[in-house]
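[1] With the input below, show me the fold.
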Amino acid sequence: MIRALAVAALGWLAAATAGAACEAVIHRDRAFTVCTADRDRHAIDLRLNGADGTPLGSFVELQRQTEAPIAFAMNGGMYHPDRRPVGLYVEDGVQLSGIVTREGPGNFGMLPNGVFCIAADGARVIESRAYAAAPPDCEDATQSGPMLVIDGALHPRFLPDSEFLNLRNGVGAAPDGRAVHFVISDEPVSFYEMATLFRDVLGVRDALYLDGRVSRLYAPALGRADPGRQMGPILVVTER
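    Have a look, this model is predicted:
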């Protein structure tokens, strides 16, 4: 079964790289959409505020203020009621909020949590305390939590039979940092189900949970623009 999954994943990854950025995937009888950014073809950026200095908030406003063709976009990390990022946030090389390494309430504080870092030489997910100990040179970065996959292992608090289900989205990069996989569930799923999709199907060794009930995807090729509340940080992937 694992071998069959690996073969199917390789075929899907080749198709995703060569063609459409987003694809429907069934994993453990759950429906997901997986969007893959190829760093040779796509630029990956974090966006928070628009030209007027206030949060963009919506895919409509993101589209209006983005010149390059958008391949896809999704919510890019947790945020406060005023839409300020929770934890580390870096945009265009400027740090707007600092890293948080202490344990705390909610999903964000379920250590280990992590940082999605977009650098000139590739993108990767880094555990937050490792990031704080030796901060890399990230052009853009967003902190969230919990980590879904940590160096090939699932987060220790994830249970295969968990009944805690929710809409969820997350991000993970291939080991070389060139292919970046953005995943959103199309139905309520557990952390375990999403984490095993990253590890066992996409071959990701480090993956990060971005958010839950607010999870949304904009994918023009699919005719998809999920409605919902105003967002904080947005991850946008554009054609180079």
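[2] how far out from the middle of the chain is the host helix or strand of Tyr209?
    With secondary structure defined by DSSP states H and E, Tyr209 is part of strand 207-211. The chain centre lies 6 Å from the centre of strand 207-211; the measure is CA atoms, centre = their mean, to the nearest Å.
[3] Buried residues, that strand. List them.
    Neighbour-count burial for strand 207-211 flags 207-211 (criterion: 16 or more other CB atoms under 10 Å). The C-beta positions use only the backbone N, C-alpha and C, and glycine is treated the same way.
[4] pLDDT added to these, as a markdown table?
    Putting the buried residues of strand 207-211 into a markdown table (pLDDT from 0 to 100) gives the following:
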| residue | pLDDT |
| --- | --- |
| Ala207 | 98 |
| Leu208 | 98 |
| Tyr209 | 98 |
| Leu210 | 98 |
| Asp211 | 97 |
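[5] Which element is encountered next along the chain beyond the strand holding Tyr209?
    Taking DSSP H and E, what comes next after strand 207-211 is strand 217-219.
[6] for the record, mean pLDDT for the following helix or strand past that next one?
    Later in the chain than strand 217-219, the nearest helix or strand by DSSP H and E is strand 224-225. The average pLDDT for strand 224-225 rounds to 97.
[7] ok so, going back, could I get the buried residues of strand 207-211 as a markdown table with distance to Met74?
    What follows is the buried residues of strand 207-211, written out as a markdown table (distance: CB to CB, whole Å):
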| residue | distance to Met74 |
| --- | --- |
| Ala207 | 14 |
| Leu208 | 13 |
| Tyr209 | 13 |
| Leu210 | 7 |
| Asp211 | 9 |
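[8] Pull the most distant pair out of the residues you listed.
    Within those, two members stand farthest from each other by CB to CB: Ala207 and Asp211, at 13.9 Å.
[9] For the strand holding Tyr209, name the packing helices and strands.
    With contacts defined as 3 or more CB pairs under 8 Å, 6 or more residues apart in numbering; DSSP states H and E, strand 207-211 has these neighbours: strand 70-75, strand 114-119, strand 140-144, strand 147-150, strand 169-173, helix 191-196.
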